[in-house]
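# I would like to see how this sequence folds:
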Amino acid sequence: MKYILFLLLLAAFTACGDKPPTGPVEVHYGEDVCERCRMIISDQRFAAQYVTKKGDAKKFDDIGCLAAELKTDGGEDIASGIYVIDFAAGGWIDARKAHYMKSSDIASPMGYGIAAFGSEEALKADPNYGPDAEIGGFGNIME
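Next up, the predicted model:
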């Protein structure tokens, strides 16, 4: 009887374990450090992250750092979710669905000059949009 009770308690405690995150995790601006360049993440407009399939969150201060680290780690297939901050609206968006602008006029923390937008309309309404700006999707920043 004690053995059965022990197994039931063990099963209950195991079921209550932490589950891997299913979306973006909180970034503590001014405290968290970029996985790639080791700089403190301070400018929310350029923050990015991915969550591995094991549930580990990797945070970045620049979208370019995210792309470089994903390439080093084996590509986007290692991630259960990839997220970037919407440059225009704020808030996390799915990096694979975002619209990106790269411009020398965008002063990102590590100088990659990449900003993410939730829509093409928001991207084209941004003051940095112009003839010198490169626009594209997630595949473009992963090149």
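
# Quick one: the helices in the chain, in order.
For the chain, the helices defined by DSSP state H occupy 2-15, 63-73, 120-125, 138-141.

# Leaving out chain neighbours, which residue sits closest to residue 96?
Closest residue in space to residue 96, ignoring its immediate chain neighbours: residue 138 at 4.8 Å, by C-beta to C-beta, 6 or more residues apart in numbering. (Glycine included, C-beta is placed from N, CA and C.)

# Correct me if wrong: that neighbour contacts residue 84.
No. Contact criterion C-beta atoms under 8 Å: residue 138 and residue 84 do not qualify, at 9.1 Å.

# more neighbours, these two?
Looking at residue 138 and residue 84 with other C-beta atoms under 10 Å, you find the greater number of neighbours at residue 84, namely 30 against 18.

# Look up how far residue 54 lies from that one.
Residue 84 is 21 Å from residue 54, where distance means C-beta to C-beta, to the nearest Å.

# again, but for residue 120
Taken as C-beta to C-beta, the spacing of residue 120 relative to residue 54 amounts to 34 Å.

# The two: who's more crowded?
For residue 120 versus residue 54, the count of surrounding residues by other C-beta under 10 Å is larger for residue 120: 12 against 8.

# Ignoring the adjacent residues along the chain, who's closest to the more buried one?
For residue 120, the spatially nearest residue (C-beta to C-beta, 6+ apart) is residue 99, at 5.0 Å.

# repeat for residue 88
Excluding the flanking residues, the one nearest residue 88 by C-beta to C-beta, 6+ apart is residue 122, at 4.2 Å.

# Run through the residues that contact that neighbour.
Under the criterion of C-beta atoms under 8 Å, 6 or more residues apart in numbering, the neighbours of residue 122 are 86, 87, 88, 89, 99.

# Highest neighbour count among those residues?
The most crowded member of the contacts of residue 122 is residue 87, carrying 26 neighbours; neighbours defined as other C-beta under 10 Å.

# Many thanks, we can stop here.
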